[in-house]
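Participant: Test case, fold it:
(chains A, B, C and D)
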2 protein chains.
Amino acid sequence: MALRHAVLAALLDEELSGYQVTKAFAAGVANFWHALPQQVYAELARLEKEGLVAGREVVQEGRPNKRLFRVTGEGLAELEGFASAAAKPAFLREDLLVQVQAADHLDADVLIERLTERYAFAEAKAALFEEQLRRMRGGLGEAEFLLRGARVGPYLTCRRGRDFERANRDWCRDVMEVLRARRAAGGEV
Amino acid sequence: MALRHAVLAALLDEELSGYQVTKAFAAGVANFWHALPQQVYAELARLEKEGLVAGREVVQEGRPNKRLFRVTGEGLAELEGFASAAAKPAFLREDLLVQVQAADHLDADVLIERLTERYAFAEAKAALFEEQLRRMRGGLGEAEFLLRGARVGPYLTCRRGRDFERANRDWCRDVMEVLRARRAAGGEV
DNA sequence: TCCTCATAGTCAAGAAAGTGACTAGTCAGT
DNA sequence: ACTGACTAGTCACTTTCTTGACTATGAGGA
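Facilitator: I've put the predicted structure just below:
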């Protein structure tokens, strides 16, 4: 009961095809969730069967036809119900954290490789989010946009995504620094 | 192939019973993963069958006997293999993010309730992590501990947990501020 | 004495998420 | 003429996670 609400939330502001939702959930853009095409299509089918979204066929020339989905009244009610119940807090579940947890028993060079990769990934993702935020703000300053802009929801979640990746990046940097310093100090002994 | 490595990492520094691992993975202490008892016991059974951990029966008086597990050579090799492969980066997967994503279509008061709850939770969890960090440092200053302390791995992951919850707390605070300001500004119009 | 909490663990079943492979058409380049 | 990338979507299968039980024993408090 989680992806379903994420899909509903994604469809709130615009009518999208399954493929577009898929895109939104894939690599770059997913600021608050992630899912593969198969999962998205399956969820959309279920949501349509339950009447929470409505699809309409759009005939296209030069490319396959598509089905655009929008959220129904029941769909919105479902989201309201979801928001009125306590959200269960998430925890960090990163492979890299497990690897660093075992740092004292593993080769530092190998870990530094992993941290370097993650650092670059976080940096790239943060930049991507930043770019998205800029687009959403349009010409407005951030304070102005947050006060009077239409649709601040996606903006606020995107900002969380950016800050999350920045924090990941900084953590990777700090951990690498510690590992290097300890190696140097170990050499002293 | 993820919980198994988390369990292995947890057993690296000390011999623990399934129950103790369970505790470590439950609510408070899990700085890098979370799992229910059933999963932990199932994983331990699998790990033992594959020879990655070794268990020994400890007869106790006044309470049920227990089995203490330690990581074998193969277990450590498995972890090394795990660390040498690229870690897949995690993304945020919080119900609350989905709820805020839909903020423009939902009742602000309801959302503020959720945010208040999450704020308190994050604050409490961050304090818990902070306390754990203090204990791990012992008498040493942080810089000194990071350079010369034994077992910095758990310390570094715990620090990530603390910073994650602090970021969650700050984000909740900011989002609430935005929602309140917009409501006030909406009243103006 | 009863109640609850902590220790120590297990079973069964289901929902949710992830993996791999596959169809089928269009367009831009080489 | 061929290759690769993009649009649009589907089938089958597996792993992982979660829910909800249930068994024991002992200690401490009302």
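Participant: Let me see the ranges of the strands in chain A.
Facilitator: For chain A, applying DSSP state E gives strands covering A:16-17, A:53-58, A:66-71.
Participant: Counting by contacts, list what the first one packs against.
Facilitator: Of the remaining helices and strands, those touching strand A:16-17 by 3 or more CB pairs under 8 Å, 6 or more residues apart in numbering or on different chains; DSSP states H and E are strand A:66-71. Quick note: C-beta positions are derived from backbone N, CA and C, even for glycine.
Participant: The strand it packs on near chain B at all?
Facilitator: No: Strand A:66-71 lies out of reach of chain B by CB under 8 Å from any CB of the partner chain, never closer than 8.6 Å.
Participant: need the longest helix for chain A.
Facilitator: helix A:153-188 (DSSP state H).
Participant: Mean neighbour count for the strands of chain A - can I get that in CSV?
Facilitator: Compiled in CSV, those are given as follows (neighbours: other CB atoms under 10 Å in any protein chain shown):
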stretch, mean neighbour count
strand A:16-17, 18
strand A:53-58, 14
strand A:66-71, 18
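Participant: Flag every residue of chain A that's near DNA strand D.
Facilitator: Listed as neighbours of DNA strand D in chain A under the rule CB under 7 Å from any atom of the strand: A:17-20, A:23, A:37-38, A:41, A:45, A:60, A:63-67, A:93.
Participant: how about 6 Å then?
Facilitator: A:17-19, A:37-38, A:41, A:60, A:63-64, A:66-67 (CB under 6 Å from any atom of the strand).
Participant: Can you pull out the residues in contact with the helix or strand of chain A with the lowest mean pLDDT?
Facilitator: Taking mean pLDDT, DSSP states H and E as the measure, chain A has helix A:18-25 as its least confident helix or strand, at a mean of 88. Residues external to helix A:18-25 that are found in contact with it (CB atoms under 8 Å, 6 or more residues apart in numbering or on different chains): A:6-7, A:10-11, A:16, A:29-30, A:33-37, A:40-41, A:44, A:66-67, A:69.
Participant: out of those residues, who's near DNA strand C?
Facilitator: Filtering the contacts of helix A:18-25 for proximity to DNA strand C by CB under 6 Å from any atom of the strand leaves A:35-36.
Participant: And the contacts of helix A:18-25, which of them are buried?
Facilitator: Buried residues within the contacts of helix A:18-25, counting neighbours by 16 or more other CB atoms under 10 Å in any protein chain shown: A:6-7, A:10-11, A:16, A:30, A:33-35, A:40-41, A:44, A:66, A:69.
Participant: Thank you kindly, that will do.
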